[in-house]
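Peer 1: What would the 3D arrangement of this be:
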Amino acid sequence: MTTQMLEQSAPADVVRTERTRGGRCYQPNVDILESPGELTLYADMPGVRSGGVDVRFENGTLTLCGKVEPRQKEDTNFLLREYGIGDFHRTFQVSEVIDAARITAEFVDGVLIVHLPKVEAARPRRIAVKTN
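Peer 2: Numbers count the residues shown, from 1 in each chain. Reported below is the predicted structural model:
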């Protein structure tokens, strides 16, 4: 059921926008959990500060962005450099069974947590069975 409610946009379906900031851009790794009342998305964004996170929902598309500031000065002479610095960007198509007005997000220790509540009609419910 989760794959029908939240799907990663295929690269051909994503509208590409021009970036005004140079540098690398990474796709954050995510975990998506489903409970009876909501989907919860966890996106790893190491190096992003709380003010650098942007979550948008528009026309059925959930967009996650994280801006990473450089850790060292531009003219730093590295002896070894294995950790790439760059911004994060990822887009998902969201099903109509998600209540867009109640989407919330929080950012804790480099992890973006997005709560996607299901509409009441999509939630599982127990049906009472009458007996004679």
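Peer 1: Of all residues in the protein, which one is nearest the centre?
Peer 2: Geometric centre of the chain, nearest residue: Leu64, 4.5 Å, by Cα atoms, centre = their mean.
Peer 1: quick one: that residue and Pro124, what's the gap?
Peer 2: Leu64 sits at a distance of 27 Å from Pro124 (criterion: Cβ to Cβ, to the nearest Å). All C-beta atoms are positioned from the backbone trio N, CA, C, and that covers glycine.
Peer 1: Name the nearest residue to Val30, ignoring sequence neighbours.
Peer 2: The shortest distance from Val30 to any non-neighbouring residue, by Cβ to Cβ, 6 or more residues apart in numbering, is to Ala43 (4.7 Å).
Peer 1: what's near enough to touch the one you found?
Peer 2: By Cβ atoms under 8 Å, 6 or more residues apart in numbering, the contact set of Ala43 is 28-30, 64, 66, 88, 90, 111-114.
Peer 1: For PyMOL, what selects the buried ones among those residues?
Peer 2: Buried residues within those, by 16 or more other Cβ atoms under 10 Å, are selected in PyMOL with:
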select buried, resi 28+30+64+66+88+90+111+112+114
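Peer 1: Let's have the contacts of Ala43 in a markdown table, adding pLDDT.
Peer 2: Formatted as a markdown table, the contacts of Ala43 follow (pLDDT from 0 to 100):
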| residue | pLDDT |
| --- | --- |
| Pro28 | 95 |
| Asn29 | 95 |
| Val30 | 97 |
| Leu64 | 96 |
| Gly66 | 95 |
| Phe88 | 94 |
| Arg90 | 95 |
| Val111 | 96 |
| Leu112 | 97 |
| Ile113 | 97 |
| Val114 | 97 |
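Peer 1: In strands only, show me the contacts of Ala43.
Peer 2: Counted as lying in strands by DSSP state E, out of the contacts of Ala43, are 30, 64, 66, 88, 90, 111-114.
Peer 1: still on that earlier bit, with distance to Arg56 as extra columns, can I get the contacts of Ala43 in CSV?
Peer 2: Below are the contacts of Ala43 laid out as CSV (distance: Cβ to Cβ, whole Å):
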residue, distance to Arg56
Pro28, 15
Asn29, 20
Val30, 16
Leu64, 8
Gly66, 12
Phe88, 14
Arg90, 12
Val111, 18
Leu112, 12
Ile113, 16
Val114, 11
